[in-house]
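[1] sequence unknown, structure follows:
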């Protein structure tokens with residue numbers, strides 16, 4: 001009979017579904033253990049304030065100006 005082949009296929013698929021569900025549950029447990037504040041690379045996300053960005057920008061501009069002045073003095 002053909003229904004026994006169909007029944008066997010259904011049974012096999014149900015076993016595979018159970019394995020996939022168990023794998024998903026395991027991955028979710030791992031994810032929960034890592035914590036929610038961790039980024040993809042495993043580091044916490046750190047943000048700079050606008051004041052800190054401005055300070056860094058000004059320092060970089062000052063360094064580049066010094067480099068340009070030094071280069072212009074040699075030419």
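    Sure, I can see it. Quantities reported herein were computed from a predicted structural model and do not represent experimental measurements.

[2] next SSE downstream of the longest helix seen in the chain?
    Looking across the chain with DSSP state H, the single longest helix is helix 3-34. Reading on from helix 3-34 to the C-terminus, the next helix or strand found by DSSP states H and E is helix 50-74.

[3] in stretch 22-31, which residues are buried?
    Buried residues in stretch 22-31, counting neighbours by 16 or more other CB atoms under 10 Å, are absent. C-beta: built from backbone N, CA, C; applies to glycine.

[4] what is the rounded mean pLDDT of it?
    The average pLDDT within stretch 22-31 is 93.

[5] report how many residues lie close to residue 48.
    10 (other CB atoms under 10 Å).

[6] would you confirm that it contacts residue 55?
    No - the criterion here is CB atoms under 8 Å, and residue 48 misses it with residue 55 at 9.2 Å.

[7] what residues do those two have in common as contacts?
    Listed as contacting both residue 48 and residue 55 by CB atoms under 8 Å, 6 or more residues apart in numbering is no residue at all.

[8] quick one: distance of stretch 4-22 to the chain centre.
    34 Å (CA atoms, centre = their mean, to the nearest Å).

[9] same check on stretch 68-75?
    Chain-centre distance of stretch 68-75: 43 Å, with CA atoms, centre = their mean.

[10] next one: stretch 60-72
    Computed by CA atoms, centre = their mean, the chain-centroid distance of stretch 60-72 equals 37 Å.

[11] do stretch 51-71 as well
    32 Å.

[12] contacts for that stretch?
    Contacts for stretch 51-71 (CB under 8 Å, 6+ apart): residue 48.
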